[in-house]
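Peer 1: below are the sequence and a predicted model for it; my questions follow.
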Amino acid sequence: MPELKQEKITLKVSDGTEMQVYVSQLAGTTPKAGLIVSQEAYGVNSHIRYVADRFAGEGYLVLAPELFHRTAPPGFEISYSSDFSLITPHFQGTSEKGFEADIRACFQWLETVGKVQKIGAVGYCMGGRASFIANSILPLKAAVSYYGGRIATESLARAKDQQGPLLMFWGGLDKHILPEHVKSVADALRAAGKEFVNVEFSKADHGFNCNDRAAYNATASDQAWALTLAFFKKHLG
């Protein structure tokens with residue numbers, strides 16, 4: 001991987017809270033665009049930092065915000081083998097308004113400090129929904145959602161507000177996001193006349209992109225990565 005500049009910054013959020021953010025970019029170069037990477041429920045852990053670094057290696061200025069900052073200390077992360085009950089209070093402490101405020105803070109930093117002209121978003125599981133929400137309130141040039149949980153059940157009304165082109169990935173073996181959920185999201189986007197790409201990997205499960213999880217599917221992950229890069233190249237440069 002090319003030489004990267006990696007750091008953690010603290011951003012003030014509009015609700016009066018402060019949020020730690022992992023920042024990654026190619027050292028000594030001007031980024032071609034900004035990218036907000038939203039975490040799974042396990043925190044901005046080594047996997048999410050690795051994902052952020054991969055995007056940074058492609059020339060993007062990447063921010064990965066800690067979306068549990070209202071209930072958890074800076075640097076909070078949980079291993080994939082941990083009891084999910086350790087995450088539950090933090091997961092339940094999130095809200096659409098909170099996601100909006102957090103991603104607005106990242107967007108504003110990318111514009112004012114990062115000086116990038118184009119900004120996109122990508123997220124995984126919980127972060128896939130955060131990316132969908134971000135694309136409904138900000139002038140993103142593109143957004144990508146990997147198996148975005150609760151989009152169909154809690155955020156479907158935002159389909160009509162999607163601003164940038166949207167790429168969505170789903171696992172055909174996912175027991176959390178059912179085929180009817182995937183269909184309802186696609187139907188709502190289609191009814192609203194939005195530009196979107198809907199991709200299902202029939203043999204992949206929830207979390208297929210993460211090589212630290214038992215559900216990791218190398219073929220689906222590699223193909224999704226290639227599609228994601230092509231999608232961002234088209235819309236972000």
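Peer 2: Thanks, I have it. All figures in this text were calculated on a predicted structure; none of them were measured in a lab. Numbers count the residues shown, from 1 in each chain.
Peer 1: quick check: most distant residue from the centroid of the protein.
Peer 2: Gly28 (25.6 Å; CA atoms, centre = their mean).
Peer 1: phi, psi of Ala204?
Peer 2: phi -110, psi 150 (degrees, to the nearest 10).
Peer 1: all helices of the chain, in order?
Peer 2: Assigned by DSSP state H, the chain shows helices spanning 46-57, 88-92, 96-112, 126-137, 151-154, 179-191, 218-236.
Peer 1: Lys5 is nearest to which of those?
Peer 2: With CB to CB as the criterion, Lys5 lies closest to helix 46-57 of those, at 8.3 Å. For every residue, glycine as well, the C-beta is placed using N, CA and C.
Peer 1: does anything pack onto the closest one? Which helices or strands?
Peer 2: If you count contacts as 3 or more CB pairs under 8 Å, 6 or more residues apart in numbering; DSSP states H and E, helix 46-57 packs onto strand 4-12, strand 18-26, strand 33-38, strand 60-65, strand 119-124.
Peer 1: 6 Å instead, please
Peer 2: strand 18-26, strand 60-65 (3 or more CB pairs under 6 Å, 6 or more residues apart in numbering; DSSP states H and E).
Peer 1: out of those strands, which gets nearest to Asp222?
Peer 2: strand 60-65 (19.1 Å).
Peer 1: tell me the angle of that closest one relative to strand 18-26?
Peer 2: Orientation of strand 60-65 against strand 18-26 (axes from the mean of the first three to the mean of the last three CA atoms, to 10 degrees) gives an angle of 160 degrees.
Peer 1: do me a favour and average the pLDDT over strand 60-65.
Peer 2: Strand 60-65 comes out with an average pLDDT of 98.
Peer 1: partner strands of that strand and their direction?
Peer 2: strand 18-26 (antiparallel), strand 33-38 (parallel) (DSSP bridges).
Peer 1: how about the shortest one: buried residues?
Peer 2: Judged by neighbour count using 16 or more other CB atoms under 10 Å, the buried positions of strand 33-38 are 33-38.
Peer 1: over to stretch 216-224?
Peer 2: Quick answer for stretch 216-224 (16+ other CB under 10 Å): 217, 220-221, 224.
Peer 1: dump those to a markdown table, plus pLDDT and distance to Ala191.
Peer 2: Formatted as a markdown table, the buried residues of stretch 216-224 follow (pLDDT from 0 to 100; distance: CB to CB, whole Å):
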| residue | pLDDT | distance to Ala191 |
| --- | --- | --- |
| Asn217 | 98 | 31 |
| Ala220 | 98 | 28 |
| Ser221 | 98 | 31 |
| Ala224 | 98 | 26 |
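Peer 1: of those residues, which is the nearest to Leu110?
Peer 2: Nearest to Leu110 among the buried residues of stretch 216-224, with distances taken as CB to CB, is Ala224, at 23.7 Å.
Peer 1: who's in contact with the closest one?
Peer 2: By CB atoms under 6 Å, 6 or more residues apart in numbering, the contact set of Ala224 is Phe169.
Peer 1: ok, and the helix or strand in this protein with the lowest average confidence?
Peer 2: When the helices and strands of the chain are scored by mean pLDDT, DSSP states H and E, helix 88-92 comes last with a mean of 94.
Peer 1: packing partners of it?
Peer 2: The helices and strands touching helix 88-92, judged by 3+ CB pairs under 6 Å, 6+ apart, number zero.
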